[in-house]
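*Asks:* pasting the structure only:
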């Protein structure tokens with residue numbers, strides 16, 4: 001491992017992304033509403049490209065990352081990367097709502113209240129959700145289909161900025177000096193820390209009023225990134241194409257938003273407290289399916305390497 005190059009890569013990534021996150025978090029808290037949300041989301045979208053920029057600055061082997069899409073032999077991984085994130089998310093819903101059944105609802109109140117807080121009126125909300133003539137069950141089905149088959153493709157072009165840095169440069173470098181398991185753990189924690197400023201300042205991922213805040217959120221999200229990193233590193237290793245872990249990354253980001261359609265908006269205070277547990281797949285309870293998938297994939301890969 002080129003230690004100086006790795007440290008420089010992490011330093012540049014953190015310096016740029018943390019600065020952006022701090023600025024947009026402060027602006028988000030200052031303005032609130034739709035304006036604050038757009039500034040915040042826009043800033044985070046820019047941050048997603050900082051690992052790629054840092055990799056370019058440290059002169060990583062960009063050509064060796066597999067930028068040309070490779071379809072032969074990889075169709076199963078394309079299907080896997082598109083569909084598994086939604087399956088994991090839906091199973092996470094089951095885990096969460098079995099324990100908190102009273103928080104499940106298809107009345108749409110949670111999403112309605114969220115949009116109201118952003119300053120939208122009733123007409124704008126209906127237009128945004130496409131609710132005219134649709135009940136929540138139909139809307140949920142349509143959303144799941146869109147999030148599964150459309151959103152991952154769009155999100156992939158943002159996720160590639162992170163994947164080129166993490167899976168394309170950092171993980172391969174770490175593997176030169178550490179075992180695969182240690183690489184997964186170190187890489188996952190580094191990836192998680194990339195998000196810490198916006199989590200701590202603006203409540204990104206879990207809000208700010210959850211049980212155990214802010215320490216439990218940092219620990220939980222680190223575990224989430226380690227598990228997600230295992231899956232994406234294996235996908236990259238199997239396909240030799242950086243677009244496929246980016247596709248999985250984009251799919252899980254999209255799937256994580258569906259919970260807004262199935263949660264009870266009349267229990268806002270309890271939801272804030274319990275957000276650390278789910279129902280998004282980065283929660284301690286809702287993340288159990290992701291944990292299981294990651295462990296199974298890791299065990300299979302390590303066993304094959306041991307027997308090779």
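*Replies:* Structure received. Note that this is a predicted model, so its numbers are computed, not measured. Numbers count the residues shown, from 1 in each chain.
*Asks:* So for stretch 124-135, mean pLDDT?
*Replies:* Mean pLDDT, computed over stretch 124-135, is 63.
*Asks:* Start and end of that stretch, how far apart?
*Replies:* The straight-line separation of the ends of stretch 124-135 (C-alpha to C-alpha, to the nearest Å) is 17 Å.
*Asks:* Equivalent analysis for stretch 172-181, please.
*Replies:* Terminal residues of stretch 172-181 are spaced 13 Å apart (C-alpha to C-alpha).
*Asks:* do stretch 55-72 as well
*Replies:* End-to-end distance of stretch 55-72: 28 Å, with C-alpha to C-alpha as the criterion.
*Asks:* can you tell me the average pLDDT over that stretch?
*Replies:* 92.
*Asks:* Could you give the separation of it from the chain centroid?
*Replies:* Distance of stretch 55-72 from its chain centroid, counting by C-alpha atoms, centre = their mean, to the nearest Å, is 22 Å.
*Asks:* Residues contacting that stretch, please?
*Replies:* The contact list for stretch 55-72 (C-beta atoms under 8 Å, 6 or more residues apart in numbering) reads 5, 8-9, 12, 78, 164-165, 168-169, 236, 239-243. The C-beta positions use only the backbone N, C-alpha and C, and glycine is treated the same way.
*Asks:* And it, what's buried?
*Replies:* For stretch 55-72, burial by neighbour count (16 or more other C-beta atoms under 10 Å) applies to 55, 58, 60, 65.
*Asks:* what's the answer for stretch 236-243, then?
*Replies:* 236, 238-239, 241-243.
*Asks:* taking these one by one, which sit in helices?
*Replies:* 236, 238-239, 243 (DSSP state H).
*Asks:* quick one: contacts of the helix or strand harbouring residue 44?
*Replies:* For residue 44, the host element (DSSP states H and E) is helix 33-47. Helix 33-47 is contacted by residues 16-17, 20-21, 23-25, 27-31, 117-120, 158, 194, 198, 202, 204 when judged by C-beta under 8 Å, 6+ apart.
*Asks:* Can I get the buried residues of stretch 236-243 in CSV including pLDDT and distance to residue 218?
*Replies:* Formatted as CSV, the buried residues of stretch 236-243 follow (pLDDT from 0 to 100; distance: C-beta to C-beta, whole Å):
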residue, pLDDT, distance to residue 218
236, 97, 26
238, 95, 31
239, 96, 31
241, 96, 32
242, 97, 28
243, 97, 30
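*Asks:* Tabulate those residues (CSV), appending distance to residue 106.
*Replies:* What follows is the buried residues of stretch 236-243, written out as CSV (distance: C-beta to C-beta, whole Å):
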residue, distance to residue 106
236, 37
238, 38
239, 37
241, 39
242, 38
243, 35
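*Asks:* Show me which of those residues is closest to residue 292.
*Replies:* residue 238 (19.2 Å; C-beta to C-beta).
*Asks:* Could you point out the longest helix of this protein?
*Replies:* Under DSSP H, the chain gives helix 3-31 as its longest helix.
*Asks:* Flag the shaky bits of the stretch 101-250 of the chain, pLDDT-wise.
*Replies:* 126-134 (pLDDT under 70).
*Asks:* which stretches of it form helices?
*Replies:* With DSSP state H, counting those that start in this stretch, the ranges of helices along the stretch 101-250 of the chain come out as 109-117, 122-129, 136-149, 151-165, 171-175, 180-193, 196-202, 215-239, 243-255.
*Asks:* okay, these, which one's buried deepest?
*Replies:* Of all the helices of the stretch 101-250 of the chain, helix 243-255 has the most neighbours on average by mean count of other C-beta atoms under 10 Å, namely a mean of 26.
*Asks:* List the neighbours of it that are in contact with it.
*Replies:* Helix 243-255 is contacted from outside by 66-67, 69, 74, 77-78, 80-82, 84-86, 88-89, 147-148, 151-160, 162-163, 167, 228, 231-233, 235-236, 281, using C-beta under 8 Å, 6+ apart.
*Asks:* contacting residues for residue 96?
*Replies:* With C-beta under 8 Å, 6+ apart, residue 96 has these contacts: 103, 277-279, 283, 285-286.
*Asks:* From these, pick the one nearest residue 293.
*Replies:* Using C-beta to C-beta, residue 286 comes nearest to residue 293 of those, at 13.2 Å.
*Asks:* show me the contacts for that closest one.
*Replies:* Contacts for residue 286 (C-beta under 8 Å, 6+ apart) come out as 89, 92-93, 95-96, 277-280.
*Asks:* Backbone torsions only: list them for it.
*Replies:* For residue 286, the backbone dihedrals (degrees, to the nearest 10) come out as phi -70, psi -20.
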